[in-house]
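Undergrad: got a predicted structure plus its sequence, pasted below:
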Amino acid sequence: MSTVHSNDIRTAKPLLAGKNALVTGAGRGIGAAAARLFAQEGATVTLVARTESQLREVVDEITAAGGNADYVVADLADAQSIERAIQTTVERHDRLDIAFNNAGISIGRSLMADVKEEDFDLVTDTNYKGIWLSMVAEIKAIRATSGKGAIVNNSSVGSFGGNPRMAAYGAAKRAVNSLTESAAIEYGPEGIRINAIAPGTTMTEMIRRWASQEPDVINRLNDLTPLRRAAEPDEIAQAAAWLLSDNASYVTGVVLRVDGGMRA
């Protein structure tokens with residue numbers, strides 16, 4: 001019987017070592033957690049969002065910890081702004097390998113008939129059209145540089161059913177699932193994998209804002225969740241990192257529930 005000596009044990013390679021990554025909506029919440037994690041896992045990360053002060057703070061945290069990161073200010077509901085952000089990423093780092101489309105917005109909770117048209121347009125432009133615009137630009141960049149790569153879109157557990165008082169939000173997220181699946185079929189033959197994650201209750205600014213209006217909401221949601229708790233943003237980021245990594249090399253067209261069992 002052979003003996004395994006301690007000097008035979010090698011440190012595992014970081015999950016995203018050598019990857020050039022783009023993260024949208026990276027100034028806070030899940031996006032910021034993802035940017036930090038991707039850098040820890042060896043990626044060079046470009047953070048994209050609208051608020052420069054938030055982006056600068058996260059980039060400073062990453063670089064202080066020894067990671068590689070920079071940022072581009074962009075409006076994720078504007079095609080030219082997104083294209084410039086991705087072009088800037090490629091100019092700085094020569095290629096794009098992976099992207100996490102996390103940017104999203106909530107317009108609050110109200111009955112469908114009470115939603116203002118401008119609010120409907122806002123959530124649709126950001127959560128649906130913004131994802132589409134990002135995917136289009138990212139796919140073009142990956143094809144022109146790396147040739148192969150991976151994209152993960154951030155959906156929601158609410159995309160799998162009706163969403164009372166959040167109809168526009170849920171509909172936009174369900175559309176993201178369809179975009180993800182269609183793109184996976186179209187670009188899989190080229191070696192571009194496209195997946196989505198569907199988070200459940202996660203302790204972001206959005207859920208805290210909701211809790212400020214309905215103090216018992218987190219307890220109610222936890223009662224519907226077999227794990228009986230909300231997720232931290234880093235737990236959602238971990239799922240995105242795995243889907244973007246080569247460890248998920250045979251996974252595409254999946255909308256992965258990261259919901260503590262809420263939709264089991």
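TA: Great, that's in hand.
Undergrad: tell me where the chain has helices.
TA: Per DSSP state H, the chain carries helices over the ranges 29-40, 52-64, 79-93, 117-124, 130-144, 167-187, 205-213, 217-223, 233-244.
Undergrad: what's the angle between the fifth one and helix 167-187?
TA: What separates the directions of helix 130-144 and helix 167-187 is an angle of 20 degrees, with axes from the mean of the first three to the mean of the last three C-alpha atoms, to 10 degrees.
Undergrad: and helix 130-144, which residues are buried?
TA: Residues 130-135, 137-139, 141-143 are the ones in helix 130-144 that count as buried (16 or more other C-beta atoms under 10 Å). Just so you know, the C-beta spots here come from the backbone N, C-alpha and C atoms, and that holds for glycine as well.
Undergrad: same check, this time on the shortest one
TA: Using 16+ other C-beta under 10 Å as the burial criterion, the residues of helix 217-223 that qualify are 218, 221-222.
Undergrad: likewise the second one?
TA: With burial defined by 16+ other C-beta under 10 Å, the residues of helix 52-64 counted as buried are 54-55, 58-59, 62.
Undergrad: just put the residues you listed in CSV and tack on distance to Q87.
TA: Converted to CSV, these look like this (distance: C-beta to C-beta, whole Å):
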residue, distance to Q87
Q54, 22
L55, 17
V58, 22
V59, 19
I62, 22
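Undergrad: out of the residues you listed, which is nearest to D75?
TA: Minimum distance to D75 across those is 13.1 Å, recorded for L55 (C-beta to C-beta).
Undergrad: tell me the contacts of the closest residue to D78 other than its chain neighbours?
TA: Sequence neighbours aside, L133 is the residue nearest to D78 in space, at 7.9 Å (criterion: C-beta to C-beta, 6 or more residues apart in numbering). Residues counted as contacts of L133 (C-beta atoms under 8 Å, 6 or more residues apart in numbering) are 76-79, 82.
Undergrad: got it, and E52?
TA: Taking C-beta under 8 Å, 6+ apart, we find E52 in contact with 71, 73.
Undergrad: I'd guessed N247 sits against L15; true?
TA: Yes. Counting by C-beta atoms under 8 Å, N247 touches L15, with 6.8 Å between them.
Undergrad: more neighbours: those two, which one.
TA: Higher neighbour count among N247 and L15: L15, with 20 against 12, using other C-beta atoms under 10 Å.
Undergrad: wait, doesn't the more buried one sit right on A239?
TA: No. L15 is beyond contact range of A239, at 11.9 Å (criterion: C-beta under 8 Å).
Undergrad: which parts of stretch 31-43 are buried?
TA: By neighbour count on 16+ other C-beta under 10 Å, the buried set for stretch 31-43 is 31-43.
Undergrad: which other residues reach it?
TA: 13-21, 23-26, 45, 47, 49, 54, 58, 61-62, 65, 67-69, 98, 100, 102-103, 232-234, 236-238, 240-241, 244-245.
Undergrad: show me which of those residues are buried.
TA: Buried among the contacts of stretch 31-43 by 16+ other C-beta under 10 Å: 15-16, 19-21, 23-26, 45, 47, 49, 54, 58, 62, 67-69, 98, 100, 102-103, 233, 236-238, 240-241, 244-245.
Undergrad: centroid-nearest residue for this structure?
TA: Taking C-alpha atoms, centre = their mean as the criterion, N102 is the residue nearest the geometric centre of the chain, at 3.3 Å.
Undergrad: isn't that one up against T24?
TA: Yes. Assessed by C-beta under 8 Å, N102 is found in contact with T24 at 5.6 Å.
Undergrad: identify the residues contacting the closest residue to T88 other than its chain neighbours.
TA: Among residues not flanking T88 along the chain, V72 sits closest, at 5.0 Å (C-beta to C-beta, 6+ apart). The contact partners of V72, taken as C-beta under 8 Å, 6+ apart, are 46-48, 84-85, 88-89.
Undergrad: how about a cut-off of 7 Å?
TA: 46, 48, 85, 88-89 (C-beta atoms under 7 Å, 6 or more residues apart in numbering).
Undergrad: next one: A230
TA: Counting by C-beta under 7 Å, 6+ apart, A230 touches 201-203, 218, 222.
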